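> sequence unknown, structure follows:
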């Protein structure tokens, strides 16, 4: 069975600071993909970043980067220079034959 | 150009009624999904269809019946609605054999059962 765990229900960060959201997962597969999705109050699900499990290099998308530790089954998201528009629910997701999600972390940006 | 569109966006109905939610994607994907997001924001997969064939059914009550007339459409019909069915329902689509591609989501349908 595949599982995704996000242990931080809520986090806050000062605008322009850096924040890291945690995610751990479990799967018996060796080939899989990991994603972070953002869900703002509009409720639209938006892909933030993806990571291929076979790649050791951590993915980066502008201010968003991941720390992928395959042996530890850890996949954290770092947001640099936080902006007010980053306030949202963030979901970690694992894909093999289906995409399953963690329970989410609500991120607050403090002005 | 809407990629994955769901209708309606909001649905308020009484207990015991039957309702449908429609979903269409224009991305050329061969796999479509229904997810349920409860009041605590937990996203749980309900069904997955690949080329009109049901491939995932996640222990959902049989009051929920998905129907895929073609690979661009996946509708969700719910019979005898209950209060606990109140949630946001998301349709999504992706490529089945390209594991690395993400799912694209519709805007969600907020279902309220009163």
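That came in fine, so what should we check first? This one's a predicted model, so the numbers in the text were calculated from it and none came from an experiment.

> ok, now which ones touch the residue of chain A found nearest chain B?
Chain A approaches chain B most closely through residue A:45 (3.8 Å), counting by Cβ to the nearest Cβ. Heads up, the C-betas are built off the backbone N, CA and C, glycines and all. Contacts for residue A:45 (Cβ atoms under 8 Å, 6 or more residues apart in numbering or on different chains) come out as A:37, A:38, A:39, A:91, B:90, B:92, B:105.

> among the residues you listed, name the ones in strands.
With DSSP state E as the criterion, strands contain A:37, A:38, A:39, A:91, B:90, B:92, B:105 from among those.

> let me have these in a markdown table, adding distance to residue B:83 as columns.
Below are those laid out as a markdown table (distance: Cβ to Cβ, whole Å):
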| residue | distance to residue B:83 |
| --- | --- |
| A:37 | 28 |
| A:38 | 30 |
| A:39 | 24 |
| A:91 | 26 |
| B:90 | 20 |
| B:92 | 25 |
| B:105 | 25 |
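
> would residue A:85 count as being in a helix?
Yes: assessed by DSSP: H, G, I helix; E, B strand; the rest coil, residue A:85 belongs to a helix.

> quick one: contacts for it?
Applying Cβ under 8 Å, 6+ apart to residue A:85 gives the contacts residue A:40.

> and it, how far from residue B:89?
Counting by Cβ to Cβ, to the nearest Å, the gap from residue A:85 to residue B:89 is 26 Å.
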